[in-house]
Each structure stands twice: as structure tokens, then as C-alpha cells.
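Asker: Starting from these lines, generate the structure:
(6 chains)
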Number of protein chains: 4
Amino acid sequence: MSRKQAYSRSELLDVTKRLVLEHGYDGFNLKLLSQHLPGARSTIYQYYANKDEIISACMKRAIQSIMEKASALDESDASTALQELLAIYMEEFKFHQLLGDSYKIKTNGSEETRANVEYVENAHEFLKVQLTRLVQKAQQEKLLRDDIPLPVHVGVFFNLISTPNMMNVPVSQWSKLLFDMWMGGAKK
Amino acid sequence: MSRKQAYSRSELLDVTKRLVLEHGYDGFNLKLLSQHLPGARSTIYQYYANKDEIISACMKRAIQSIMEKASALDESDASTALQELLAIYMEEFKFHQLLGDSYKIKTNGSEETRANVEYVENAHEFLKVQLTRLVQKAQQEKLLRDDIPLPVHVGVFFNLISTPNMMNVPVSQWSKLLFDMWMGGAKK
Amino acid sequence: MSRKQAYSRSELLDVTKRLVLEHGYDGFNLKLLSQHLPGARSTIYQYYANKDEIISACMKRAIQSIMEKASALDESDASTALQELLAIYMEEFKFHQLLGDSYKIKTNGSEETRANVEYVENAHEFLKVQLTRLVQKAQQEKLLRDDIPLPVHVGVFFNLISTPNMMNVPVSQWSKLLFDMWMGGAKK
Amino acid sequence: MSRKQAYSRSELLDVTKRLVLEHGYDGFNLKLLSQHLPGARSTIYQYYANKDEIISACMKRAIQSIMEKASALDESDASTALQELLAIYMEEFKFHQLLGDSYKIKTNGSEETRANVEYVENAHEFLKVQLTRLVQKAQQEKLLRDDIPLPVHVGVFFNLISTPNMMNVPVSQWSKLLFDMWMGGAKK
DNA sequence: GATGAATGAGTCTTCATTCAT
DNA sequence: TATGAATGAAGACTCATTCAT
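Answerer: As a prediction, this is how the structure comes out:
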């Protein structure tokens, strides 16, 4: 009955993700976005009500995909679970820098946006709790040094995900390698 | 006989640094800057020709301070040198996120800006080379695992600096702790 | 064999009238209109060629209904006729504010619109002439003070119609009351 | 020390008043305003933060001028006071249509705007109360018919102000004439 | 030197209208 | 005929930068 869309909401978010990662929250704008999509700038408003709704939807989708995998994780073995978690995070690792900009999103006016931001924040919290739980379990099982405070273990582990994969090793191998170095250290 | 300036170039850069770190390259603007300085917005142009010149000068100063310390480093003992280097980086660690935005700086028009950006890039290169040299030396001295490629060692080491210091330990201790974990690993 | 329309042109104008009165010429828009009608926004173009055609049709219909009653008026007794005229005007009184916006209607392009606006203007003129005639007649019959110029009598009478009916008296009573006050004054 | 302004805030409001009266709240826009002022459109933002702040300031100024005169009114003689009040209202009578649009003003975001709107609403209330008080006093002094409810007397009186002054009589005369007709009626 | 005023380029967003199915 | 998609023109607002005093 009506014309068919030139691109889907999902494709729009794909492009958004790339551009937001490249330019940051403030550097991203709709002119830029429209230049990477077919059609006019105003067409974007057929998909999302405004810029903040786009970015929040983008963030939500990214963290949602992490959440789904993280929720399905078998936590019975702490060590294995941590290694798998690292791999999960890494798939979307770049997005972590962005999630830090979520406070810039203006939620006033759009219920949709507010809900997205809330989801992101809750997911963030969930992941933090889960990670802490696993690290703690590992520490209790005497797998990890206990002269290091739990938050430091968590911080160091979490920080691994942003290690640049300069050799372009596949994610699964790369995460294994980093996990291995985290546990065993760089020392011979 | 000129009127005395209300603040110095250096103070201007101090404020700039804080604000750029807080808001990012695109989020930073001159209105914001002037609100954190005495006097009018237009007065800023008495100090620097334009926004990009300010940011580039700010970046230059930050990396310059790292450079000076890094150049003075005693490299005779690789292990000690690396640990000290980590401490040096950490003093300015937040600035690393920013240096990544240096490509956004528009150098056309201002020779000054161009020179600043070039300095930053050269310094970057120097630091990378120095770090690689030290890690390689350590590896050759059998201090580091040799099943791990050199760039990976370098990447993991370098990535340490952005580990959030959640316990607010003094930098010297914090860098020691991280160095220790990097070498020995998290494992018990 | 065409699909049956979900609503009639007349229903569309009913809604338009309400919304234009509520939001004014510039505040009225097709998105708003479509939200108060079944179906999609673009469907409106099946009924009228554009926004100005809708508003002009709406104005025309309103003044037409006044015209029909005013034309049928028995003018033999000036006083009675004036009172009835007041009642007629009041039925559509709110529309007077709108008719004042008729100059905003862009008639270029649509013959239909041009014709509507012309009709409205002619009707306006007709009503003005009729009213003046009746007031003049009343004045000649010594019903009205003759120290007051005719246009002033007309203006004051006409202005009555916008007196807010705060008590929500039925129009017939309300018009009688105002007519009574107009003639006899507020004085005891 | 700095360039001098091409026009004053007050001049800006003068032009605004004229244009808002001519085009209504929604029809008024900053492009239009800038076309009736020297300089660029963006210069207007040096004077007021946004469109709503301009309109609210304009409304406030108009009602403020009424308020000042109305407050200074000698209310000892109800009849005289009412006549003078009518003259006061008439000076700014056109603005009454506009004050009705004050609900369209978006006050979120600007404290200034909110304060202006509040002032306008309070003033509105004050004037309504004052007028009602005077009419009531006149009624109690047996100057006005007591078969007419007070709100109707008030409504009819207030409605007088919008009677078009077609003969362009000076306001003082015009208000006397209307007051006279209101009291004594149109009847011979 | 310092500064408030001025400005034009650029972004966000809305809306009447057209298009393709 | 009905409709969702597409669009360009327009208007609100911001901001780096220049100007005049």
C-alpha cells in the first residue's frame, strides 16, 4: 500500500554505531548520518523522533546484545565463565567508551529515550554485579591473589577489553590470550 | 606599558585541559571555557588565534611533560625503567583519550596549530618507540614470556594506564601495583 | 466501485473548524487534523488539495450558514430584525476571529481556494451592508440615538457578539439579554 | 569599550508587539522580526534567549503599563473610575487578544520566561478583580441595573474595549463615548 | 588589551506536500 | 482510494569568529 523503506531501523542503527564510535556523541550529527544513508536528512525522522532517541536506541541495542549473552552464561566454573565473559565484552568492546557518554543524552521530552537510557543503566549495573560476583567467586576459590582488593581485580580485568587487538587475531583467540596474560602475567 | 593580563596562557590551558577531558573535543567550546575564566569570551582570542590552536597547544603541553620525563629516563634496567614509565604515563593518563581526537583538529590556516599537532604526533611516535624498545629489551633479557609477540606485550602494558584507580591510591603505589599484576598475573 | 470513504468532507470541515478555533490559523496543521480523523495524514489530500483549501472551505461553510439565515431574515421591523441577526451571528460568533485571518490564505495556485476566499469576502460585505441598513433604518425610525454616528452604532452592535457568555445561557436568551443591554444600557 | 547596539531591547519589543498583533503567536517568527530590525537574525539572541522569552517580555511590558495606570486609579467614585479604566484598557486594547495566547508560551527551560508569564497571569487576575470590584460597587450604589448578574455586567463592559474605533476618534473621547453608550444604551 | 555586539555558517526539527505501491 | 515513505523548504537556535570602541 505504501512505498517500501529504503533502509531499516536496524541498518540506521548500524551506521549510527559506526559513526558515533568514530566521532563521539558530540561529533555525531544527523547531516553526517544522512550522508551515510540513502535519501534526505529529514527522512531520518521517520525512523526516530530525534538525535537522542537514535543514540539511545543504538546504545540500548549494543548493550542488549551483551546482556543476552551474559545472562545465558554458565557461571558454575568461575574461571571459564570469566574467560567467556571477556569474549562477550570484546565483541562490543568499543561501545564501552560510548556508554560513558550516556549522561549527555537529553531524556526530557521523549519517553522512548528515557526508557532506553534506563535500560542501558540497568544493564550496566547488572554486568558490573555479575562480573564482581564471578571475580569474587574466583578469589574465594583461591584462583586469584587475595592480597589484591576485589575492586582492583575487577578493574584490571575489565580494562583488558580495550586492549587494542593489533594483530587482528580472531576475538575468541584474542580473549583467550588476554585472559591468559591476566591470570599468568607477562613474566616468563 | 600594557594592561596586565587577568590570567596566563598556562592557566587558560589548565582550564582547557579539564574541560576537554570532561566534555570531549566536540563538547568543548569557547563559551564554556570563558565561563571558567575571568573576562569575556572574545578575550580568549588575545591568547590564541582559535579553538583548534587552544586544543592543540593543550595537547602539546600535556605530551611535552610526558616527553621530558620519558627522555630523562634511565633505561639501563628494563624492568625498573618500565615501571617508572608506567608511573610517568599515569600522571597524564587521561590525556590519552584526548590524543586520540587529534585527527579532528583542523590545521589549515594556522601554522602554529600545524606545528603543535606535528609535535604531538612525533612525541607519540617517540614514546611508542621507546616503550617498544624497553619491552623488547626485557623480553630479550628473558624477563618476559617469549610466546607472546612483542606488539602484544606492548599493547597490554600500555593499556594498563587507563585502568581506573578506584581506590584512589597515590599514583606511585598504583603504578607499582599494576606493574606487579602485569608481570606476575592475577593468579594466586 | 470505489472504496467507501471513512469520513465525509463535511466531517473533515467540522474537525477543522474546531481545531482552527482552538489553535488559530498558524497553529493549525495537517498532522493535528489527521490525529483527529481516522486514517493517514496523506489521505486528507483526497478530500482537499491543500491546507489553504481546507481552511478556506471551512470559512466559506461557516459564513455561508450565516448568510443563508441572514438572507431569509424578515427585515420589516428593524428592532426585531436586529435582535434576530444578533442571534444568528452568535451561533457562529467564534468564527469571526478566524475570518480575520482570511488574508493569510495563499490563493495562488488553487482556483477553488480563490473562489472560497472571494465568497467569504463578498459575504462579509453583504452582512456589513445588511447590518448597516438595519441600524440605519432603526435610527431613522427614531429607535436609536441620533447623536451617535451610524458606523459607531454598527460597530458597537457588532462587537456585542464576542461578549463571552460566561453564564452559559442558551444562545437565544443570551442574544436577547445583550440586545436588551445594548438598547437600554447598563444604567438603572 | 564595545560596539554600541544598533537598537535597544525596548525597540525590539516595540517591533515585536506590532508583528505579534499582526501575525499572532504562531505566525510571528524571528525571521520576520529580523526583517523589521537592522542586522542579522542571530543578533536577536543577544537580546533575548529565545522566541518565547521575547513574546513573554512583550506581553509583560504591555500589561505592566496597564497595571501601573490601573493601580494608580482613584476608585472613590465608581462611575468615574470605570470610565477611566476603560480609557486605560483601550490604550493597549489590542493586546488583549494576545494575552489569550499566553498559554502557548513554553516556559520550560527559561526562568525568565516563566517569571514573565507568571507576572502576566497575576496582573490579569488583579485587573479582573479590580474591575469586578468597581462594577459591584457601582451596582450597589444603584448606578447599574440589578436584574443583570454581576459577571454579565463585567463581561459586557470589558468587551467594549475591542470595539473598533472606526472614526479614529482620540482614545479619551472614544472611551467616553463607549462608556456613555454602555450606561445609557443605544436607544433614543 | 579587553570587551560587548554582530554575524554567518551550521545543526536540529517540523511540516506541507508528493510519490510509489 | 488509501497510505506509509520521502522530501525540501523553513524556522529555532548555537557557536566560532570578527568588529568597533
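
Asker: Kindly give the local confidence score, pLDDT, for the nearest residue to A:Leu160 once chain neighbours are set aside.
Answerer: Counting by C-beta to C-beta, 6 or more residues apart in numbering or on different chains, A:Leu160 lies nearest to A:Leu178, which is 4.9 Å off, once chain neighbours are set aside. The way it works is simple: take the backbone N, C-alpha and C, and place the C-beta from them, glycine included. Listed pLDDT for A:Leu178 reads 96.

Asker: Also A:Leu73?
Answerer: A:Leu73 is given a pLDDT of 96.

Asker: Leaving out chain neighbours, which residue sits closest to it?
Answerer: A:Ala81 (5.7 Å).

Asker: Point out where chain A drops to low pLDDT.
Answerer: Within chain A, no stretch falls below the threshold (pLDDT under 70).

Asker: show me the contacts for the residue in it that chain C sits nearest to.
Answerer: Using C-beta to the nearest C-beta, A:Ser2 is the residue of chain A that sits closest to chain C, at 8.7 Å. Neighbouring residues of A:Ser2 by C-beta atoms under 8 Å, 6 or more residues apart in numbering or on different chains: there are none.

Asker: Next, it: secondary structure please.
Answerer: coil (DSSP: H, G, I helix; E, B strand; the rest coil).

Asker: can you check the one 3 residues further on too?
Answerer: When states are read from three-state DSSP, the local structure at A:Gln5 comes out as coil.

Asker: And it, how far from DNA strand F?
Answerer: According to C-beta to the nearest atom of the strand, to the nearest Å, A:Gln5 and DNA strand F sit 4 Å apart.

Asker: What is the burial count for that residue?
Answerer: 13 (other C-beta atoms under 10 Å in any protein chain shown).

Asker: Look up phi and psi at it.
Answerer: Backbone torsions of A:Gln5, given as degrees, to the nearest 10, read phi -60, psi 140.

Asker: Distance of it relative to A:Asn50?
Answerer: As judged by C-beta to C-beta, to the nearest Å, A:Gln5 and A:Asn50 stand 19 Å apart.

Asker: Identify the residues contacting the residue of chain A found nearest chain D.
Answerer: Using C-beta to the nearest C-beta, the closest approach of chain A to chain D is made by A:Asn108 at 7.9 Å. Contacts for A:Asn108 were tallied using C-beta under 8 Å, 6+ apart; they are D:Asn108.

Asker: Look at it and give its secondary structure.
Answerer: coil.

Asker: quick one, phi psi at it?
Answerer: phi -70, psi 130.

Asker: what about the nearest residue to A:His36 once chain neighbours are set aside, how many neighbours?
Answerer: Sequence neighbours aside, A:Val15 is the residue nearest to A:His36 in space, at 4.9 Å (criterion: C-beta to C-beta, 6+ apart). By other C-beta under 10 Å, 17 other residues sit near A:Val15.

Asker: Quick check, A:Val15 in contact with A:Ser34.
Answerer: No. The pair A:Val15 and A:Ser34 does not pass the contact test of C-beta atoms under 8 Å, sitting 9.6 Å apart.

Asker: Spell out which residues of chain A are next to chain B.
Answerer: A:23-27, A:97, A:101, A:104, A:142-146, A:148-149, A:151-153, A:155-157, A:159-160, A:162-164, A:166-167, A:177-178, A:181-188 (C-beta under 8 Å from any C-beta of the partner chain).

Asker: Can you flag which of those belong to helices?
Answerer: In helices, judged by DSSP state H, the following of these are found: A:23-27, A:97, A:151-153, A:155-157, A:159, A:177-178, A:181-184.

Asker: Now list the buried members of the residues you listed.
Answerer: A:23-25, A:27, A:152-153, A:155-157, A:159, A:177-178, A:181-183 (16 or more other C-beta atoms under 10 Å in any protein chain shown).

Asker: From A:Arg114, how far out is the residue of chain A closest to chain D?
Answerer: A:Asn108 is 8 Å from A:Arg114, by C-beta to C-beta.

Asker: Same question for A:Leu144.
Answerer: Taken as C-beta to C-beta, the span from A:Leu144 to A:Arg114 is 39 Å.
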